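Using only what follows, build the 3D model:
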Amino acid sequence: MKHKKITICFLAVLIANSALAAVYHVPTEEYTTIQSAIDACQDFDTVVIAAGIHSGPGNRGVKFNGKAITVRSTDPTDPQIVNSTVIDCEGKDRGFIFYMGENADSKVAGLTITNGYGLVGGAIYSYNNSSPLITNCVVKNNSAVRGGGIACTNGNSYPVITNCQIIANSASFGGGGFYLNGSSPTIKNCIISGNVAPEGGAIYSHVPGNPLIVNCTISGNVASNSAGAIYCYDSSNLSISHSILWGDTAPYASEIMVGNMGGPTSIQISYCDIQGGEQNVKLADGCTADGCTVEWGEGNIDSDPCFVNPDNNDYHLLEESPCIDAGDPEFVLGPDETDIDGNPRVSGEKIDIGADEFVASIPATVKIMPKTLNLESSGNWISCTIQLPSEYGIGDIDTETIVLNENEEIGPVWSRTNQEANKLLVKLSRYQTQQMLNDVEGLVELTVSGELIDGTKFEGSDTIRVIKRGQ
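Below is the predicted model of the structure:
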């Protein structure tokens, strides 16, 4: 009975703390910088950063000082807000530093961190038994000697990095994206691309630790020497699953290299799509069979993942991707688990490989008017009606996401919902449409796509005739 009373009292304290939690907005007249707001915080408080560029002292080299608080944008789940809420370190310091034993209640969410610099960790440095939660962030164009994007060091550090983009960072020694030294981070649902370093273009892991890499897409990273994607050596024990390693480059081992300078090193790989397959997991010179262990587990494949547009950093999966439903059939889904876009993590028969969980588009009925478009005619609008299957409400469409031909990104200038007919009428710029079709004649299929408020995609097409004056 005494134990029950203690538990009830403890829960009461947690509830009281949550109820008393304060929210501090930056910038305001009283709190002009992120650090000044953090300094005023107590545990369980929140600092909300307004959209815009935040730079200068107090907005870089930010320290939580051991506090269990959240620092976030106004909406960490909205990519536009994340991209427009920028911590610009101006090449003078890192963005955030964790070193006072922070745990998963110390959170950074929905921020873009750029132009950071540090000897270890260009954007974020977590060490000295610190284990923060970093989620829904963009870490780009940062640099360091070790760990251009994020560095995690110390054996008792267990940071969690989820749903983040780690792109275009650089290191002059190792780990363009991540530098892991004796730590055990969990890196999940992340895109790690375009990072550069001499060793380990994406990830450099060494000294005893147990890093976990789950459902990540690692592509387009470059090492000038070894391991375009992952360099793992000197007693590191790294596990990677449900991840794509494709299109990384290096003179020695384009994807993975394992070495044992100092102690036995191991890597476990399962349900991954790795370019070159097991043959592309290279052992460093002098690495013995006892010193380097590669556990090539079940479910690994070597097939083009079919990204939508990797040249434009779009690593979503096309419908024909072999990574769809290619994950572990025994995978246990966590509560409210999502992919990098916030979509439910398992949308098909099995979990997908990579950061993106493929979600099939809802088929929409689209009708475009006029049916014959004269490229030299005048007028303001092209009209389009969109109708979804009966189980979906037309009012659930996020009209700001609608585009005519996705590559052209022609959006509506006006929209109106007909609830009775379950149709949405939108008007598109005639001028923009005619410019898009300037070199086209005859029948042409136009595709209209968009998303519902919950992120579910829809798509439909219609055919019109394109003519020029006098035809």
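
who's Thr365 bridged to?
On the basis of DSSP bridges, Thr365 is bridged to Gln387.

mind checking how far it is from Ile410?
19 Å (Cβ to Cβ, to the nearest Å). From N, CA and C alone the C-beta is placed, and that goes for glycine too.

Check Thr463 too.
Distance from Thr463 to Ile410, by Cβ to Cβ: 17 Å.

now Tyr252
46 Å.

The two: which is more packed in?
More crowded of Tyr252 and Ile410, by other Cβ atoms under 10 Å: Ile410, with 21 against 15.

So the more buried one is in contact with Lys427, correct?
No. At 11.2 Å, Ile410 does not count as touching Lys427 under the criterion of Cβ atoms under 8 Å.

Poorly predicted segments of the stretch 1-150 of the chain, please.
For the stretch 1-150 of the chain, the stretches flagged by pLDDT under 70 are 1-19.

go with 80
For the stretch 1-150 of the chain, the stretches flagged by pLDDT under 80 are 1-20.

which residues in it form helices?
2-20, 34-40, 79-84 (DSSP state H, counting those that start in this stretch).

quick one, strands of the stretch 301-450 of the chain?
With DSSP state E, counting those that start in this stretch, the ranges of strands along the stretch 301-450 of the chain come out as 307-309, 314-317, 362-363, 365-369, 372-374, 381-387, 397-404, 412-418, 423-429, 442-452.

Contacts for the second one, please.
What that stands for is strand 314-317. 191, 193, 217, 219, 244, 305-308, 323-324, 352, 354-356, 358 (Cβ atoms under 8 Å, 6 or more residues apart in numbering).

Greatest separation within those: which pair is it?
By the measure Cβ to Cβ, Ser193 and Ile324 form the most distant pair in the contacts of strand 314-317, at 19.9 Å.

Might you list the low-confidence residue ranges for the stretch 251-400 of the chain?
Checking the stretch 251-400 of the chain against pLDDT under 80 turns up 260-263, 285-291, 378-379.

Lys350 contacts Gly327, correct?
Yes. Contact criterion Cβ under 8 Å: Lys350 and Gly327 qualify, at 5.0 Å.

So between these two, which is more surrounded?
Applying other Cβ under 10 Å to Lys350 and Gly327 shows that Gly327 carries more neighbours, namely 25 against 16.

and the residue lying closest to that one once chain neighbours are set aside, how many neighbours?
Spatial nearest neighbour of Gly327, chain neighbours left out: Ile351 (3.5 Å); criterion: Cβ to Cβ, 6 or more residues apart in numbering. Neighbour count of Ile351, defined by other Cβ under 10 Å: 25.

can you check Ala421 too?
Number of residues near Ala421 (other Cβ under 10 Å) recorded here: 11.

Please tell me how far it sits from Ser361.
With Cβ to Cβ as the criterion, Ala421 and Ser361 are 22 Å apart.

so what's Ser321 up against?
Neighbours of Ser321 in contact, by Cβ under 8 Å, 6+ apart: Pro305, Cys306, Phe307, Phe358.

Can you report phi and psi for the second one?
As for Cys306, its main-chain torsions (degrees, to the nearest 10) stand at phi 60, psi 60.

what number of residues lie near it?
17.

Surely it touches Glu320?
Yes. Here Cys306 reaches Glu320: they are 5.5 Å apart, a contact under Cβ under 8 Å.

May I have the beta-bridge partners of Thr112?
On the basis of DSSP bridges, Thr112 is bridged to Val86, Val138.
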